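[1] Here's a sequence, model it:
(one chain, ligands or ions: 1)
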Amino acid sequence: MTAGTVAVAGGAGFIAGAIARKLAEAAGARVRVLSRDPERARSRFKGRGVEFVRADVLDTASLRAALKGVQAVIDAVQFEGYPIEDPRRGLTFERIDYGGAISLLQAAQTAGTLTKFVYISGAGADENSAHPAFRAKGRAERAIRESGIRFTIFRPSLVYGPGSRVIELLVKSLSWTPVFMVPGSGRQRLQPVFVGDLAAAVSLALEGCGDGGTFQIGGPEAMTFDEFIRLLMEITGRRRALLHAPQSALHLLGVAAESLPVGRRVFSRDAVEFLTADSVCDNGPLLREFKLSLTPPRQGLSYLAARSA
Ligand SMILES: NC(=O)c1ccc[n+]([C@@H]2O[C@H](COP(=O)([O-])OP(=O)(O)OC[C@H]3O[C@@H](n4cnc5c(N)ncnc54)[C@H](OP(=O)(O)O)[C@@H]3O)[C@@H](O)[C@H]2O)c1
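    Purely as a prediction, here's the structure:
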C-alpha cells in the first residue's frame, strides 16, 4: 500500500465506505475520508482507524485544505439521486462526476505530494457517448490519463454489498408489492460485483498493481436483470411475479417528471436509458493484473438471507 495518507473522496457513500474500511485494515497508510458532512459520515462508518475531513468537490478551497500532504486520492464521489440528474439543484454528471474529478485532481496536484489517483468510473464509460453519465465518466478518465499523475481507473458494473442503496431499494420493493416492476425488457445484462472485491482491487492499486491501466470489473457471472431479480427473490425468500415496464412508457414518465416546474426531479429519460443499458465487463485484464478471486453473486448476496431469516 502507498505509504502516507490516502484520501477517500465519497464520504458516507457506499463504495467510499467499503474502500476506507479495507484500507484501514491494511497496515501502512493513514486513511482520510473526505465528506461534505464529516460528522454524519463518521456516524455511518462501520470501522475504525479513519479520520474524517470536510471537503466538497464544488469548493476548491475545501479540497485544497483537505488534501494537504496526501500521497494518494481515491475518487468515489457521486451526486445524491443518481442516475436521475436534477439540473435545477446542480446535480448533473457533468458538474459532479466530471467536474468533481477535475477539481479533486487539480487540488491533489497542488498539494505537491500526490503519487497516485484512483478513479471509480463505470462500465460503459465513453467520452463520445450521448448519455451524460457515460460521457462524464469518459471525459473524467481522459483528464486523469492526461494529468501526468500515476493512476488506476476501475469501471465497475453494478456494485452490491451491505449498504448498497440500489439493493436496499430492490429488496424493499420485493417486500412491498405483490409484483415486481422491471425497467424495460429485463434482458439488459449485468455483471454484479461485490463491493469487497472492488475495495480489494483499489487496495492493490495503491500497492502499484494496474498502474496506468483502466480495468473493467464485474462479478464472475453475467446475468440478465430478470435473472438478477430472481436471484434476489430466491435469497430473500420473497417470490414475486415480474412485470416489464416498456421503455416507451418509462420514457413518457420521464418526460412528465422532467416537465414538472418545481420540486426534486424524481425520474428522467436519461435514467431510463441508464437502467435499461447493458453493463457487462471483460474481467480478463483485471484478473491477469490483480490476481483477484471474484466473489460469486450467491455468496456475496448471502448477507441478505441472513437479514431476512
Ligand atoms: N454503486 C454502483 O453500483 C456503482 C457502479 C458503477 C460505478 N459507480 C460509481 O462509484 C462511485 C461511488 O458510487 P456510490 O454508489 O458509492 O455512491 P453513493 O453511495 O451515492 O456515494 C457518493 C458519495 O459522494 C459524496 N458526494 C456527493 N456530492 C459531493 C460533493 N459535492 N463533494 C464531495 N462529496 C460528495 C457523498 O458523500 P457525503 O455526503 O459524505 O459528502 C456521497 O455519499 C460513483 O462515481 C458511481 O458512479 C457506482
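[2] The spatially closest residue to T276 that is not a sequence neighbour: neighbouring residues, count only.
    Of all residues not flanking T276 in the chain, G184 sits nearest, at 3.7 Å (CB to CB, 6 or more residues apart in numbering). Placement of C-beta: from N, CA and C, glycine included. Using other CB atoms under 10 Å, G184 has 19 other residues around it.
[3] is it true that G184 touches E273?
    No. Using CB atoms under 8 Å, G184 is not in contact with E273; the gap is 9.7 Å.
[4] thinking again about what came up before, could you check how far the residue nearest to T276 is from D197?
    As judged by CB to CB, to the nearest Å, G184 and D197 stand 27 Å apart.
[5] Which parts of the stretch 101-250 of the chain are helices?
    With DSSP state H, counting those that start in this stretch as the criterion, the stretch 101-250 of the chain has helices at 132-145, 165-176, 195-206, 225-236, 247-259.
[6] centre of the chain versus the fourth one, how much separation?
    Using CA atoms, centre = their mean, to the nearest Å, the mean C-alpha position of helix 225-236 is found 21 Å from that of the whole chain.
[7] what angle separates that helix from helix 165-176?
    Counting by axes from the mean of the first three to the mean of the last three CA atoms, to 10 degrees, helix 225-236 lies at 70 degrees to helix 165-176.
[8] Begin at 741, not 1, for the rest of this chat.
    Okay, using 741 as the starting number, the last item reads as helix 965-976.
[9] Against which helices or strands is helix 965-976 packed?
    Packing partners of helix 965-976 (3 or more CB pairs under 8 Å, 6 or more residues apart in numbering; DSSP states H and E): helix 905-916, strand 919-923, strand 929-930, strand 981-985, helix 1037-1040, helix 1042-1048.
[10] which one of the ones you listed has the most crowded surroundings?
    Comparing the helices and strands packed on helix 965-976 by mean neighbour count (mean count of other CB atoms under 10 Å), strand 929-930 comes out on top with a mean of 20.
[11] Return the distance of it from the chain's centre.
    16 Å.
[12] quick check: mean pLDDT across it?
    Strand 929-930 carries an average pLDDT of 98.
[13] With stretch 854-864 instead?
    Computed over stretch 854-864, the average pLDDT equals 97.
[14] Give me the buried positions along it.
    Of all the residues in stretch 854-864, those buried under the rule 16 or more other CB atoms under 10 Å are L854, K856, F857, V858, Y859, I860, S861, G862, A863, G864.
[15] ok, and does it reach over to the ligand?
    Yes. Part of stretch 854-864 sits near the ligand under the criterion CB under 6 Å from any ligand atom, namely I860, G862.
[16] So for that stretch, first residue to last residue, what's the gap.
    By CA to CA, to the nearest Å, the extent of stretch 854-864 from end to end equals 28 Å.
[17] How far does that stretch sit from its chain's centre?
    11 Å.
[18] now swap in stretch 823-831 and tell me
    In terms of CA atoms, centre = their mean, the centre of stretch 823-831 is found 17 Å from the chain centre.
[19] what mean pLDDT does that stretch have?
    97.
[20] Export that stretch to CSV, keeping only CA atoms.
    Extracted in CSV, the C-alpha atoms of stretch 823-831 (Å, rounded to 0.1, in the frame of the first residue of the first chain):
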residue,chain,number,x,y,z
PRO,A,823,-28.7,8.2,-12.1
ILE,A,824,-31.5,10.8,-12.1
GLU,A,825,-29.9,14.2,-12.8
ASP,A,826,-31.6,17.3,-11.3
PRO,A,827,-30.1,20.3,-13.1
ARG,A,828,-32.2,22.8,-11.1
ARG,A,829,-30.2,21.6,-8.0
GLY,A,830,-26.9,21.5,-9.9
LEU,A,831,-26.9,17.7,-9.7
